[in-house]
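In: turn this into a structure:
(2 chains)
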Amino acid sequence: MLTLAIVTGLGLGAMYGLIALGFYMTYAVSNTVNFSQGTSVMLGAVLAFVFSQQLHWAIAPSVVAALALCALWGVAVEFFAVRPFVRAGSDAWLMSTVAAGIVLENVVLFSFGNEPRSFPSPFSGPHAQIGGVEIYPLQAAVPIAGLAIACGLSLFMQRTRLGKALSAIVQNPTAASLMGINVTVAITVCYAASAVFAGIAGILIAPLFTVSADMGTLFGIKAFAVAILGGISSAWGVVAAGFLYGITEALVTSFLGSGYTNILTFALVIVALAARPHGLFGRAAAKKV
Amino acid sequence: MPTTTFSKAHKTLLALALASGLAGAHPAFAQGVIKLGFVGALSGQSAKSGEAITRGLEVAIDEINAKGGVLGKTLVLVKRDDESNPAKGQIAARELIQNEKVAAIFGGIDSPVAMAIVPIVNKEKVPYIGTWAAATPITRNGANPNYVFRVSAVDQLVDTALINYAMKTYGAKKPGFMLINNPWGESNNKGLTSAVADSKIASAGSEKFEDKDVDMTPQLSRLKAAGADSIILVANAGPGAQVMKSLGRMNWNVPVISHWGISGGRFPELAGDMSQKVVFVQTYSFFGKQSDIGKKTFDLLAKKYSDIKSASDIVPPVGYANAIDAMHLTALAMAAGGGTSGDQIREGFYKIGEYKGLIKTYRKPFSEQNHDALTAGDYVMVAYEGSQIVPVK
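Out: Residues are numbered from 1 along each chain as shown, chains lettered A, B, ... in the order given. Alright, predicted model coming up:
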């Protein structure tokens, strides 16, 4: 039962971590987050389903097109639901990003339909066994994707010109702007990337779950809990917290019973944050006095 | 002929009502029509149930209107989507009562929604007729007077039937429960716990899961470790499919006996091959030898809905069958009560004597003490064959 719980927890945790990376991306650069991240998960899954199952495109162009539209959605969220409020010095983006997600969810509800659909995939069949549980290739793909993106982000930030520009913005947006870095474009790019990460998660999760307009809501909420737990300013922290959260959830369910899952898991999040207010792997920002 | 009996019953009650001179006493009655509401899941995971109930209600309304309606008025159905959300169900019920002035409201698949609406209809004195949701406290809600009636299963009775079936068919001695974490799951937890105690067997435990959970292997592995020899499943189509997928991943070949929530959506599509391994409960099957009313109902449905060409297209049958009988019984209640006020309809339900319906011949189906028209003897066990729902022994 222990092996099974760990295998299950790793799979679930990887999903949460992958989505939570989107929260990290935008927060690190702009101190804002896209609370419609769960909707981006749904958008990726629904678009890939529509392109591949209803329009009968090949899977590769379907995925590329779905992710491109996710990126566009991220840009739209930043442009319409975040930028105007940040410029006005308001925190109303907290609500406007939630509202944007609800609007998109309802648009999808009316256009895609109101019933959950199954997304068949050749990779959602059993492949290997660990601890008596069949492991599907897609289940392994989620943690691999999460770790690869976290690794890629790390390298991108350290080794590329744009990554260094983003790091400069994180440290001091005003100075970065004076040095010729286009902060506005950089933030928009981060919002696009954030939605793409969520879209990737949605496409990977869809064949294991179902595709529906409201499929992303719970994932979005849990991913935000994971982002805060890990320390939202650390990519590796966010991914590690995802695994920790997923494994804890599975262990509590397996050994104490499902009646305790939400009570104990969220209680542990509170305890962890009380002990480390900036998250398990986060650091308090330096303040000049 | 059953149709003759039906017709006589309607005509007799209609004549009584007209003679009483009480017609026209309620706003729902005022404009030549009697508005009847339906609050159910027309979207989301259980949308199939909403479609089935709507079609059942509409085909029954057509039949009643073709014979002159009720109290000389035409019946009209006003639908509202609750999206399986109790708060939205309450808003829809209030809107139907206050704006549409409906004479009665029919309920959908979701017990949590029905349980949220019950206090409203009892306060507003508007009869509520459950057509699917089976939670025991929906009708046994403690209100006096009670305006809630049901032509559907009752969890307490279904749970006994599920345990009996597991014991008789699979020799189950230690069933494990997989229950959706909401008031419907809770209602069944009580019923199943009581049923295993009455049957003098033990339970391997009771596990819960959320509507949007992806992986239920931790819950299932607990039941397996506790020695479960069968699984009793209580969930709607979406989460039910995730339970079956998780079971498939565990390679655990255990009998699964389910409440009927899984038939309210695209369960065969969502659960794939694992959907064929579940036996579940219904109140009616359009397969096999049909009564005259069964044949007539099929013809009416096929004529009205072009996608219905065979019994396998009437999915889920429980939604159609319960709704058809519920609408006819409600029409009889309005006629017997002599009007469309809540009290008249409520009293009318108690006055119904014998009615040959689709599911069975109802004999005094309602009384002050009993607001459930169906009993334990009215359930049939079925399974999916492809996407068809067929009876099993």
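
In: the stretch 101-250 of chain B: strands as residue ranges?
Out: In the stretch 101-250 of chain B, the strands defined using DSSP state E, counting those that start in this stretch lie at B:104-107, B:128-130, B:148-150, B:175-180, B:205-209, B:230-234.

In: if I look at A:F219, how far off is chain B?
Out: 8 Å (Cβ to the nearest Cβ, to the nearest Å). (Glycine included, C-beta is placed from N, CA and C.)

In: distance-wise, check that residue relative to A:A176.
Out: Distance of A:F219 to A:A176, given as Cβ to Cβ, to the nearest Å: 33 Å.

In: again, but for A:A150
Out: For A:A150, the distance to A:A176 - Cβ to Cβ - is 23 Å.

In: what of B:I257?
Out: Applying Cβ to Cβ to B:I257 and A:A176 gives a distance of 63 Å.

In: which element is encountered next along the chain beyond whichever strand or helix holds A:V46?
Out: Counting by DSSP states H and E, the element that carries A:V46 is helix A:37-49. Using DSSP H and E, the helix or strand that directly follows helix A:37-49 along the chain is helix A:59-76.

In: and that next one, which residues are buried?
Out: A:62-63, A:65-67, A:69-71, A:73-74, A:76 (16 or more other Cβ atoms under 10 Å in any protein chain shown).

In: do stretch B:359-372 as well
Out: B:359-360, B:362, B:365-366, B:371-372.

In: which of those residues are close to chain A?
Out: When contact is defined as Cβ under 8 Å from any Cβ of the partner chain, those do not meet chain A at all.

In: now do the helix or strand containing A:L18 against helix A:59-76, angle only.
Out: According to DSSP H and E, A:L18 maps onto helix A:2-30. Here the directions of helix A:2-30 and helix A:59-76 differ by 50 degrees (axes from the mean of the first three to the mean of the last three Cα atoms, to 10 degrees).

In: touching chain B at all, helix A:2-30?
Out: Yes: using Cβ under 8 Å from any Cβ, we find that helix A:2-30 touches chain B at A:4-5, A:8, A:11-12, A:15.

In: just confirm A:L273 is within a strand.
Out: No: if the criterion is DSSP: H, G, I helix; E, B strand; the rest coil, then A:L273 is helix and not within a strand.

In: confirm for me that it is in contact with A:L229.
Out: Yes: if you go by Cβ atoms under 8 Å, A:L273 and A:L229 touch, sitting 6.8 Å apart.

In: ok, back up a step: show me what the helix holding A:L18 is packed against.
Out: Applying 3 or more Cβ pairs under 8 Å, 6 or more residues apart in numbering or on different chains; DSSP states H and E, we find helix A:2-30 packed against helix A:37-49, strand A:133-135, helix A:137-159, helix A:161-171, helix A:183-205, helix A:217-230, helix A:235-256, helix B:217-225.

In: distance check, A:A71 against A:A186.
Out: 15 Å.

In: quick one: low-confidence parts of the chain?
Out: Because you didn't say which chain, this covers chain A. Chain A contains residues with pLDDT under 70 at A:114, A:122-127, A:130-133, A:284-289.

In: wait, chain B
Out: Applying pLDDT under 70 to chain B flags residues B:1-31.

In: would you mind listing what in it touches chain A?
Out: Near chain A, when you scan chain B using Cβ under 8 Å from any Cβ, you find B:42-45, B:47-48, B:181, B:205, B:207-210, B:212, B:214-215, B:217-219, B:221-222, B:225, B:237-238, B:241-242, B:245, B:248-251, B:265-266, B:269-270, B:272.

In: dihedrals phi and psi, the residue of chain B found nearest chain A?
Out: Closest approach between chain B and chain A, counting by Cβ to the nearest Cβ: B:S43, at 3.1 Å. Per-residue torsions, B:S43: phi -140, psi 170 (degrees, to the nearest 10).

In: thank you kindly, that will do.
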